[in-house]
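>>> I would like to see how this sequence folds:
(4 chains)
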There are 4 protein chains.
Amino acid sequence: MLPWRGELAGRLDEHVIESAMLRDNPLGDPHERPLWVYVPPGYEETDERYPAVYVIQGYAGHVTMWANRTPFRQPFVETADLTFARDGAPPCVVVYVDAWTAYGGSQFVDSVGTGRYHSYLCDEVVPFVDARYRTIADRESRAISGKSSGGFGALITPMLRPDLFGALASHAGDTLYEHCYLNEFAQCARYLREYDGDVFRWWQDFRSRVAFTKECDMSLTMVLGCSAAFSPDPDGTPRLPFDPVSGVLRPQEWERWLDWDPVRMVDRYADALQSLRAVWLDAGTKDEWFLDLGATAFRDGLLRIGLPESASTSSSPKARTWPSNTAIRRRWPGSRTDWPAEELVTSGEGRAAPRGRGPTTRRC
Amino acid sequence: MLPWRGELAGRLDEHVIESAMLRDNPLGDPHERPLWVYVPPGYEETDERYPAVYVIQGYAGHVTMWANRTPFRQPFVETADLTFARDGAPPCVVVYVDAWTAYGGSQFVDSVGTGRYHSYLCDEVVPFVDARYRTIADRESRAISGKSSGGFGALITPMLRPDLFGALASHAGDTLYEHCYLNEFAQCARYLREYDGDVFRWWQDFRSRVAFTKECDMSLTMVLGCSAAFSPDPDGTPRLPFDPVSGVLRPQEWERWLDWDPVRMVDRYADALQSLRAVWLDAGTKDEWFLDLGATAFRDGLLRIGLPESASTSSSPKARTWPSNTAIRRRWPGSRTDWPAEELVTSGEGRAAPRGRGPTTRRC
Amino acid sequence: MLPWRGELAGRLDEHVIESAMLRDNPLGDPHERPLWVYVPPGYEETDERYPAVYVIQGYAGHVTMWANRTPFRQPFVETADLTFARDGAPPCVVVYVDAWTAYGGSQFVDSVGTGRYHSYLCDEVVPFVDARYRTIADRESRAISGKSSGGFGALITPMLRPDLFGALASHAGDTLYEHCYLNEFAQCARYLREYDGDVFRWWQDFRSRVAFTKECDMSLTMVLGCSAAFSPDPDGTPRLPFDPVSGVLRPQEWERWLDWDPVRMVDRYADALQSLRAVWLDAGTKDEWFLDLGATAFRDGLLRIGLPESASTSSSPKARTWPSNTAIRRRWPGSRTDWPAEELVTSGEGRAAPRGRGPTTRRC
Amino acid sequence: MLPWRGELAGRLDEHVIESAMLRDNPLGDPHERPLWVYVPPGYEETDERYPAVYVIQGYAGHVTMWANRTPFRQPFVETADLTFARDGAPPCVVVYVDAWTAYGGSQFVDSVGTGRYHSYLCDEVVPFVDARYRTIADRESRAISGKSSGGFGALITPMLRPDLFGALASHAGDTLYEHCYLNEFAQCARYLREYDGDVFRWWQDFRSRVAFTKECDMSLTMVLGCSAAFSPDPDGTPRLPFDPVSGVLRPQEWERWLDWDPVRMVDRYADALQSLRAVWLDAGTKDEWFLDLGATAFRDGLLRIGLPESASTSSSPKARTWPSNTAIRRRWPGSRTDWPAEELVTSGEGRAAPRGRGPTTRRC
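Below is the predicted model of the structure:
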């Protein structure tokens, strides 16, 4: 493997999608978005239709980052390609979606603070792909997958739109908010001392210099962006869910965040979850935001609403921060997704796919 | 200053108090307790009466630890002595109270999980001292002070018994529980994986080996002891306020903890707090349990119920983890406590007293 | 600025250079290498000749990584372009050199362990560029710049070939080896316990799985690669400069490393260094390999051999780990390099250029 | 076990020894020193003679610290007592020696910078004990033991005075100086920026405030004290072995330190080491000063000069930082020390003795 380029066995098309949903979004972000669609080897030689897996990114990701090269590792796109070309996974169309905002991310929800990223994904990107590619255009053959904030998006999107997505894979998805976010809030309150408790003064500073040169930058970016997504004021201004001086929770705003906590959404969306063909969860054992506990809590929720357990313990090669995993899978005979998702839904940018997961059934 | 001994200008009496309240306590801990009482220089030459400052300890402290010697530092008892002998503080009787339990601490509350440590302090130790020493035996001249869990005890004791205590000093007192405890809970859920989620299996292991040789020991000790204090079952068994596997909060138990969060107690005990002569709070800026935020939140509560602000910013020499402070004081003319508490209420074991705090009025 | 692409005012040419020097290199790495050459705006409209700045990378870098995109930051190539297009820097040709090896890096030296990367840079890349671009093909107008291992390369290359390079900029360049490397060696001895003290067993493991999923990977990669560069056996096998079980230094191998310590090379290469037109050093104040001390020690060496001090203190926007700097510059009237190097020689991949450095003289 | 006191089965005598060697020492430290001597149960009922184990402390230790009480742990003196009273160890006299200085420690050497602590131990303390207690007053029955700096003292004292000491136990003893000290030096150079590179300005500051409230205090104390011990100027002024601005080693001073590196002393003192009856080494696996590597290197040295290996792997209950060990023991039939040292030579202040070490032969 040469470090500076890789050939694909399949084909990657780089589109620009013009989104009506994102036009005039509150942050003034572009409504023309990059969209990458991959077709597996053999696609061009047949007229078969294929399942589709939508891949979304972690906080601050934008789609061109999938092309980043790092030493000793393959970009995700190439690893996914090998899954089909070498590892015998059932062929799929893979769709790389961009949901970047000026704050770094959108959490894949519709919000007056950031824009209609959920609708854009469901009502624009999906039809765009189905119109241009030979996908099997039904929920049974459409999966969504992501890591971190993308893992959150992969959890909530099928809950909200079970008509579109029949399977999901969430790798270290944001969940169990009292553990994944509260510590950040406390840190942010401290960071904001330098800015008199005014997150917008920090934002102004952040935008005026080289990004991520201060220790506070990462936490504040994420908390500001999630506030824009989860608890904006009616005019779209992000409102922090805590007092920026004392760190005391603001109950109303915090409640709006909790409404988006997948662990707390399980019962509200039980029907949707029960209808899923397959769920894959992992988060290692020592995720820095305790997302391993979140995955456990979400799995407990699935079991509570009656999904059968099919846990497999595998050591995940994903990353240092989540070295082992907590997994639940559901399978039905004749699945047409055939769990390509399993093969694709890996941890993220520039990391290789997990391997050695149990048997997969070929598409029939 | 020689490292291996120090002479006192005053006198330290080492008593053993036989406590009826602690007899047959649930943990089988001794009901005979060490109690140290200090009288300042001059006490023996006069027949004056003196204010009294009660000093309580952080988690896992027991009273004999006040005698520990460390390099380049004075034990607390000697530093306090110097306050009177050299620094001209108004003379006080200082009472060193032991509230240790088999779990390390009692949080200074009455609990079926640990014993009646609040009552023991208020209804046994105070009368014991007043009977044997020339104290001014009224609330106006009685203060309480402590650090960490002792800082928590110093906050709640006067709220519960304003008839006994008229002033308090809390140094990095446990408060604002969503920030000071939740991160510990998440860590504990991870630590308990090694013990199949059973905290009592860890406890058995902990008791069978040299203590604090595992990374998990400190957090689990504290969380178990606080569960015994705050959320015991009716039979006294400590019940964790979170699911030990997923870390999900158990709402009922967590609510019992929150009932003891000083920030949340402010409104319930507004009358008691308003009646206090003096309140001293500090917690630095980077306490590992975010007690700096807790102190800020508690101060905000005091202001909300109408205490006048008299903040002073001082750089606290206490310890690396709480280098600066957030302080509020209330003073009234003619105070007979005269803020000896200020001079005594320092960070704890083996650390020197803060200095350079503003003017103090001599006892008249 | 859009996150997913940037337009250049100048032009970037992506070449492949076929290197005779690297053919049949010991690691079997490609001898066809990517080489990027940038020409500034205006280049195409004139027939002027331009100074050239060679930019080399840190450990494990390969040239295509310059194109990586990260959130809220510009790739280096675009930042450098702005320097000319917007900031008025004197126009330069910028050459992006690839010196990657199977171990991650070459340290830009000729070695039987890795290959002839120094000669490739000096005797192949430089002539390749001068033959194809309107450079001012003399040492007075040729600078070299890099960060970390690239900062090391930028220090030693002009020492060895003052006939080719007349200026250098080293950002956190590897130097003062007793501080930058010894701690790594001790860590590596510990890491190798898992591999019975056999670095090649680790290497085999590393190559068989997703890279950088173990804590040990980064240190061992670097130490193995530097051993290949600095202390290979005659047959090219890397030989560690320490006993892999006890960490005890192997004096002979360690001496070979020290021969490449820029701090120790100063006196040997005093003539070359004295002949330089300009030297730029920075390394912040808290570099994780103590390269701030290294920069200070190297500067002390320059002063000792008689270079005039022209220190400027600037706060470097580079990265958290090296927030301020230690700089020395030399300038002579009529410099034809005109310190474009200053404007280009920034910290590295995907980071923006420092700004606000003092006056620059335009090329005449 | 009550936390606030423990009864001894044996007897602890607290002496003050008036040292001629320490009179007029360069730091003006007291020449009257506390000396604690413990006699095991049964001592008073017989007229037998006993082996003696001398116990010395880590950096900044003074003898009264042995009495410190910590939660859930026994003080060392009580643990050692149990070894005889409960665990059936062969009875010994145990001698607790004070070698504190104004800089925190003496490294147990004779130095114009600190005083004659080596001679005081060997020529005053030993005779003092032998004159007053029924010891077996020969080298075969005299051992020395310590942790950290005390572990260093336990290594060098028998090398220098094999006529006095026939056995040693070193727990995480300072050794392999390039790994245990160099990182400290680099840190110290950074710390001293705040003091313009002047360690005495720091010292002045340190003495004027509460100790150990700044991050730099611990490293600077130790490095200053070791400089006083190892590399004082002729007038006794400590001289740092590195340039305090750049961190560059000062070869002459550094050489004086290396002369005291036990790893480097092995060959010079081979005869003394070969004559020892017993050597115990341990240092865990992740000591913060890499003393685990030091212990390995020292053991390698012992093997090189011909001591037989008798390694035992035991998991040490000592402390988080050194959880397992690297041990070598030598035993001869009829040893009269009978390895009480094994039972006593534990890691330090307030920590329980290791257990489960192999068979011990009773004194005969």
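
>>> Next one, pLDDT for the residue of the stretch 201-350 of chain A found nearest chain D please.
Per CB to the nearest CB, A:E215 is where the stretch 201-350 of chain A lies closest to chain D, at 16.0 Å. Bear in mind the C-beta positions are built from the backbone N, C-alpha and C, glycine included. A:E215 is assigned 89 on the pLDDT scale.

>>> is it true that A:W257 touches A:T175?
No. A:W257 lies out of contact with A:T175 (CB atoms under 8 Å); the separation is 11.7 Å.

>>> So between these two, which is more surrounded?
Between A:W257 and A:T175, counting by other CB atoms under 10 Å in any protein chain shown, A:T175 is the more crowded of the two (31 against 20).

>>> number of nearby residues for the residue of the stretch 201-350 of chain A closest to chain D?
So A:E215, with other CB under 10 Å, has 11 neighbours.

>>> Now do the SS call for it.
Assigned with DSSP: H, G, I helix; E, B strand; the rest coil, A:E215 falls in the coil class.

>>> for A:V16, same thing?
strand.

>>> how about the helices in the stretch 251-364 of chain A?
Per DSSP state H, counting those that start in this stretch, the stretch 251-364 of chain A carries helices over the ranges A:251-258, A:262-265, A:270-274, A:291-304, A:340-344.

>>> helices and strands around the first one, which ones?
So the one you mean is helix A:251-258. Here helix A:251-258 touches helix A:217-230, going by 3 or more CB pairs under 8 Å, 6 or more residues apart in numbering or on different chains; DSSP states H and E.

>>> and the angle for the helix it packs on with helix A:251-258?
Helix A:217-230 and helix A:251-258 are oriented at 90 degrees to each other (axes from the mean of the first three to the mean of the last three CA atoms, to 10 degrees).

>>> wait, does helix A:217-230 make contact with chain B?
No. Helix A:217-230 is not in contact with chain B by CB under 8 Å from any CB of the partner chain; minimum separation 13.8 Å.

>>> cool, stretch A:169-186 as well?
Yes. Against chain B, stretch A:169-186 shows contacts by CB under 8 Å from any CB at A:176, A:178-179, A:182-183, A:185-186.

>>> How is the residue of the stretch 151-300 of chain A found nearest chain C assigned, secondary-structure-wise?
In the stretch 151-300 of chain A, the residue that lies nearest chain C is A:A211 (3.5 Å; CB to the nearest CB). The three-state assignment at A:A211 reads coil, by three-state DSSP.

>>> ok, it - how many residues close by?
The number of residues near A:A211, taken as other CB under 10 Å, comes to 20.

>>> unless I'm mixing things up, it is touching C:Q74, no?
No. Applying CB under 8 Å as the test, A:A211 and C:Q74 come out as separate, 9.5 Å apart.

>>> circling back: look up phi and psi at the residue of the stretch 201-350 of chain A closest to chain D.
phi -60, psi -30 (degrees, to the nearest 10).

>>> Spell out which residues of the stretch 251-364 of chain A are next to chain B.
Going by CB under 8 Å from any CB, the residues of the stretch 251-364 of chain A near chain B are A:263, A:285-286, A:290, A:292-293, A:296-297, A:300.

>>> wouldn't A:D217 be in contact with A:D205 here?
No. Using CB under 8 Å as the test, A:D217 is too far from A:D205 to be in contact (9.4 Å).

>>> between those two, who's got more neighbours?
Neighbours per residue, other CB under 10 Å: of A:D217 and A:D205, the larger number sits with A:D217, 19 against 15.

>>> which residues touch the more buried one?
A:206, A:211 (CB atoms under 8 Å, 6 or more residues apart in numbering or on different chains).

>>> Assign the most centrally placed residue in chain A to helix, strand or coil.
Here the mean C-alpha position of chain A is nearest to the C-alpha of A:G150 (CA atoms, centre = their mean), at a distance of 1.3 Å. Put simply, A:G150 is helix when judged by three-state DSSP.

>>> Could I get the full set of helices for the stretch 1-150 of chain A?
A:76-85, A:117-119, A:126-132, A:149-160.

>>> Quick one: mean pLDDT over the shortest one.
Read it as helix A:117-119. The model assigns helix A:117-119 a mean pLDDT of 98.

>>> when you scan that helix, is anything in it near chain C?
No. Helix A:117-119 stays clear of chain C (CB under 8 Å from any CB), getting no nearer than 15.0 Å.

>>> Who are the packing partners of that helix?
strand A:110-111.

>>> Partner strands of the strand it packs on and their direction?
Here strand A:110-111 has these sheet partners by DSSP bridges: strand A:115-116 (antiparallel).

>>> now the strand it pairs with: how far from the chain's centre is it?
16 Å (CA atoms, centre = their mean, to the nearest Å).

>>> Likewise for stretch A:36-43?
Distance, centroid of stretch A:36-43 to centroid of chain: 21 Å (CA atoms, centre = their mean).

>>> So, low pLDDT: which residues of chain A?
Under the criterion of pLDDT under 70, the regions of chain A flagged as low confidence span A:1-2, A:309-364.

>>> contacting residues for the residue with the largest distance to the centre of it?
No residue in chain A sits farther from the centre than A:D196, which is 33.5 Å out by CA atoms, centre = their mean. A:D196 makes no contacts at all, as judged by CB under 8 Å, 6+ apart.

>>> Now the phi/psi pair for it, please.
phi 50, psi 30.

>>> From chain B, how far off is it?
14 Å (CB to the nearest CB, to the nearest Å).
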